[in-house]
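K.L.:
Give me a 3D structure for the following:
(one chain, ligands or ions: 2)
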Amino acid sequence: MATLERKQILVEMPGRDRLTATPVASGWTVEVIGCAEITRLVESLKTAHGEDLTRWDLPEGDGHSALLVRELILRARGEWVYPYQDLELCHCRSVPTEVVDQAILSGAHTCEKVSRRTSASTACGTCRPEVQKILDYRLKTRAS
Ligand code: FES
Ligand SMILES: [Zn+2]
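P.N.:
Ligands and ions are numbered 1, 2, ... in the order given. You can find the predicted model right below:
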C-alpha cells in the first residue's frame, strides 16, 4: 500500500506566531510559539481531539490564530490548496504573494485594506481578482 509521505509543516506569522507539526507514528506533534490566544486555541484542540491534527475541528472566526491553525490542519490533511502559486502577486508594484498573505493574516480582510497596507492592486488592477481569491480562501471559515 502506498503511504502518504508526511513532512514537517510550518505555519507562521514571522516574529509573532509559529506553529510546527512534526509527523510521529501516532499522528503529529504540534508545537506552538506565540501569543496567548493561539497557544490557548492549540491547547484546547489538543485536549478535545488529541495529537492527531487531521481530526481537529477547523476553528471558526477570522482572527489570526484561527486562520493559522486552519492552515495547519488543512495542510496535515493534504487539503491545503492555496489559490495562487507565483511568488510575486502584484507585478506593477512588485508585491510578493507572501506580503499580501501576511497582511490578510494580520487583519486586512478586504481588497481595499490589502491595497492600503501593501500597495498591491494600486496601479493597473489586473492582480485585484487574485487578491480577492486569496481573501476568499483564507477567510472561508466553514468546514469542508
Ligand atoms: S499587477 Fe497589481 S496593480 Fe498591476
Ligand atoms: Zn498570535
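K.L.:
got a list of what the residue nearest to V30 when sequence neighbours are not counted touches?
P.N.:
If you skip the residues right next to it in sequence, V30 has A21 as its closest partner in space, 5.0 Å away by Cβ to Cβ, 6 or more residues apart in numbering. Any C-beta I mention is one placed from the backbone N, CA and C, and that applies to glycine too. With contact set as Cβ atoms under 8 Å, 6 or more residues apart in numbering, A21 has these partners: 8-9, 28-31, 53, 72, 75-76.
K.L.:
Also R138?
P.N.:
67, 101, 104-105.
K.L.:
repeat that with 7 Å
P.N.:
By Cβ atoms under 7 Å, 6 or more residues apart in numbering, the contact set of R138 is 67, 104.
K.L.:
cool, and I73?
P.N.:
Counting by Cβ under 7 Å, 6+ apart, I73 makes contact with 53, 56, 58.
K.L.:
What sits closest to it if chain neighbours are left out?
P.N.:
Counting by Cβ to Cβ, 6+ apart, W56 is the residue found nearest to I73 once chain neighbours are left out, at 5.1 Å.
K.L.:
How much space separates the one you found from ligand 2?
P.N.:
Between W56 and ligand 2 the distance is 18 Å, computed by Cβ to the ion, to the nearest Å.
K.L.:
How many residues are close by K113?
P.N.:
One way to gauge burial is a neighbour count; for K113, by other Cβ atoms under 10 Å, it gives 14.
K.L.:
Now the worst-scoring helix or strand of the chain on mean pLDDT: buried residues?
P.N.:
Of all the helices and strands that make up the chain, strand 27-33 has the lowest average by mean pLDDT, DSSP states H and E, namely a mean of 94. For strand 27-33, a neighbour-count test (16 or more other Cβ atoms under 10 Å) marks 27-28, 30, 32 as buried.
K.L.:
Redo those as CSV? Include distance to ligand 1.
P.N.:
Formatted as CSV, the entries for these read as follows, by distance: Cβ to the nearest ligand atom, whole Å:
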residue, distance to ligand 1
G27, 41
W28, 37
V30, 36
V32, 34
